[in-house]
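**Q** here's a sequence, model it:
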Amino acid sequence: MVLSRFWLAIFVFSITFIIIGLFTNKYYSIDYVLNGKKDEPILISEKYLKDIPQFVQDSIQKSTDKIFILNRNTKDADTSYIYNKQTVKIYSGVQQSDGLLPMCKSSLLDLILPLIAYLAFFCGIMELLIISGASEKLAKKLSPMFAKVFPSIPKSHESISYMTLNFAANFLGLDSAATPFGLKAMQSLQELNEDKDKASDAQIMFMCLHAAGLTLIPTSIIGYRAAENAANPADVMLPCIITSFVGTIAAFLLVGIKQKINFKSVSLLAVLMGLIGAIIGLLFYVNTLDLIGKNYFTANLSGVLLLAIIGFTLVFSFINERKFTTQKTTMFDTFVVGANNGLKTGVMIFPYVMGMLVAISLLRNSGLFEIISHGISFIFSHMGVSKQITDSLPVALLRPFSSGGSRGFMIDAMRTFGPDSFAGRLSCIFQCSAETTFYVIAVYFGSVSIKNTRYTLGMMLLVDLICVITGVLVASWFF
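**A** The predicted structure is shown next:
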């Protein structure tokens with residue numbers, strides 16, 4: 001209900017802002033909101049040739065293509081004058097996101113189709129885990145710990161193994177694998193859910209822990225920093241881990257208090273301390289490596305572990321091939337059945353994803369988000385908050401809405417202020433230590449057709465806020 005109203009509010013406020021802007025001459029044309037493409041120039045005016053400055057007229061007439069571009073190679077937005085059929089069209093600035101109609105198309109071609117391919121492959125792998133008995137064994141080993149965190153889940157339930165694989169994939173920065181595992185976990189938890197239209201406690205806990213985005217190897221962030229020629233691309237690795245870990249603990253405590261979970265469990269504390277010890281040990285090891293060693297280690301660890309998971313699944317399935325024979329199937333046929341289930345899941349979640357992305361597209365292209373972002377930065381700057389922090393806030397503000405949008409702000413921050421600046425590094429920490437909240441809710445709850453998400457959205461946004469505050473504190477400590 002809360003998500004539905006928030007989605008509606010985005011549409012209503014964005015459309016209202018666009019209409020007001022058109023009639024107050026803030027916008028010359030709103031066609032770009034509907035049909036424009038990301039990074040395309042925006043039409044701001046159209047005039048007769050005689051009505052534009054003389055030096056622009058002269059430049060256009062001398063140009064063979066009848067185009068004149070002002071402010072090229074400056075930090076200001078280029079202004080382009082294009083002469084055609086007695087009028088000059090003036091373009092300035094670039095579009096922040098695809099328009100409504102292109103977003104509908106790109107959400108299918110650029111997002112859902114690749115996601116369906118990932119879902120098909122990894123759901124096939126998970127089907128092998130189920131039939132071979134590997135998921136059952138994994139669930140049995142982890143049941144004592146999961147019983148404390150998810151008291152409503154029966155011991156050795158298959159959802160435990162799916163959630164474990166999802167957390168592990170997130171931990172290693174394997175987004176392509178994390179989503180299929182997570183969707184399978186949500187479907188499995190839905191089988192235990194008595195009210196199919198309302199999110200269960202277990203589903204909410206899983207979603208909030210997933211949203212905290214605990215990451216061990218921020219591979220993509222390191223890659224972007226390397227592309228921007230950072231002196232040490234991996235220097236944000238430890239701050240990212242600390243920030244995401246604090247967010248995960250906060251999510252567990254906040255949701256646990258709400259669900260009245262027993263925090264005094266010895267086994268739960270033991271697992272938590274073991275996880276902390278493992279992270280600290282790994283960080284000490286990475287700290288002993290030189291720059292090339294760190295780059296090599298972070299670039300290969302995730303890939304090696306993903307291949308190890310796939311290899312283990314296939315070998316374990318081959319060793320237990322009799323279980324497939326008992327069910328009158330083969331390993332490959334089992335993989336195909338799982339892949340087909342992944343395909344159906346991808347088709348089911350498409351409307352939810354498209355609806356959310358289109359709303360976010362309108363919000364960004366209307367200019368309303370930019371005003372909100374600048375307004376918040378202005379307020380914080382007058383509260384004495386450092387400009388270096390306010391320069392990074394657009395990444396934190398956009399991250400819950402759009403991963404691609406916040407990534408663009410992160411790259412822009414590194415290019416504007418430098419990859420080794422405080423703002424550049426803090427932007428990377430913001431990008432790494434939180435999840436795309438609205439997209440995740442749309443995908444995960446959409447996959448099981450849950451309409452009432454209860455307090456999930458509020459809790460996930462609170463965790464995002466905690467990650468932002470922690471990120472600022474950790475960045476200030478390190479840099």
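**Q** now the strands: where do they sit in this structure?
**A** 41-48, 67-70, 79-84, 87-94 (DSSP state E).
**Q** could I get those as TSV with mean neighbour count, distance to residue 278 and mean pLDDT?
**A** Any C-beta I mention is one placed from the backbone N, CA and C, and that applies to glycine too. Below are these laid out as TSV (neighbours: other CB atoms under 10 Å; distance: least, CB to CB, whole Å; pLDDT from 0 to 100):
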stretch	mean neighbour count	distance to residue 278	mean pLDDT
strand 41-48	16	50	85
strand 67-70	17	55	78
strand 79-84	18	55	84
strand 87-94	17	44	84
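**Q** and the ones you listed: which comes nearest residue 116?
**A** strand 87-94 (30.5 Å; CB to CB).
**Q** adjacent strands (with direction) for the closest one?
**A** strand 41-48 (antiparallel), strand 79-84 (antiparallel) (DSSP bridges).
**Q** related to what we said a few turns ago, now the strands of the chain in a markdown table, with distance to residue 344?
**A** Listed next are the strands of the chain as a markdown table, based on distance: least, CB to CB, whole Å:
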| stretch | distance to residue 344 |
| --- | --- |
| strand 41-48 | 40 |
| strand 67-70 | 50 |
| strand 79-84 | 47 |
| strand 87-94 | 38 |
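**Q** between those, which gets nearest to residue 343?
**A** Short answer: strand 87-94, nearest of those by CB to CB, at 36.3 Å.
**Q** contacts for the closest one?
**A** Applying CB atoms under 8 Å, 6 or more residues apart in numbering, the external contacts of strand 87-94 come out as 39-49, 52, 56, 60, 77-82.
**Q** any idea how far residue 212 lies from residue 43?
**A** 42 Å (CB to CB, to the nearest Å).
**Q** for the residue of the chain most remote from its centre, give me its contacts.
**A** Note on the chain: the largest C-alpha distance from the chain mean falls to residue 50, namely 49.0 Å (CA atoms, centre = their mean). Shown in contact with residue 50 (CB under 8 Å, 6+ apart): residue 57.
**Q** over to residue 39?
**A** Residue 39 neighbours (CB under 8 Å, 6+ apart): 94, 95.
**Q** next one, pLDDT for it please.
**A** Per-residue pLDDT puts residue 39 at 79.
**Q** same thing with residue 198?
**A** Residue 198 is given a pLDDT of 90.
**Q** who is it paired with across the strands?
**A** Under the criterion used (DSSP bridges), residue 198 bridges to residue 452.
**Q** what sits against it?
**A** 450, 451, 452, 454.
**Q** how many other residues sit next to residue 318?
**A** Number of residues near residue 318 (other CB atoms under 10 Å) recorded here: 12.
**Q** and residue 476, by the same measure?
**A** 14.
**Q** repeat for residue 240
**A** 27.
**Q** surely it touches residue 221?
**A** Yes: look at residue 240 against residue 221 with CB atoms under 8 Å: they come within range, at 6.6 Å.
**Q** find the residues that touch each one of the two.
**A** Joint contacts of residue 240 and residue 221 (CB under 8 Å, 6+ apart) are 428, 432.
**Q** now the helices for the stretch 151-300 of the chain?
**A** 158-171, 175-192, 201-211, 219-227, 237-258, 266-287, 291-319 (DSSP state H, counting those that start in this stretch).
**Q** in JSON lines, list the ones you listed along with mean pLDDT and distance to residue 402.
**A** Listed next are the helices of the stretch 151-300 of the chain as JSON lines, based on pLDDT from 0 to 100; distance: least, CB to CB, whole Å:
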{"stretch": "helix 158-171", "mean pLDDT": "82", "distance to residue 402": "19"}
{"stretch": "helix 175-192", "mean pLDDT": "83", "distance to residue 402": "15"}
{"stretch": "helix 201-211", "mean pLDDT": "88", "distance to residue 402": "15"}
{"stretch": "helix 219-227", "mean pLDDT": "74", "distance to residue 402": "15"}
{"stretch": "helix 237-258", "mean pLDDT": "85", "distance to residue 402": "19"}
{"stretch": "helix 266-287", "mean pLDDT": "72", "distance to residue 402": "29"}
{"stretch": "helix 291-319", "mean pLDDT": "79", "distance to residue 402": "24"}
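**Q** can you tell me how far the residue nearest to residue 443 when sequence neighbours are not counted is from residue 319?
**A** In space, and not counting its chain neighbours, residue 443 is closest to residue 349: 5.2 Å by CB to CB, 6 or more residues apart in numbering. Distance, residue 349 to residue 319, using CB to CB: 34 Å.
**Q** who has more neighbours, these two?
**A** Per other CB under 10 Å, whichever of residue 349 and residue 319 has more neighbours is residue 349, with 23 against 11.
**Q** that one: what's it in contact with?
**A** Contacts of residue 349 by CB under 8 Å, 6+ apart are 112, 183, 442, 443, 446, 447.
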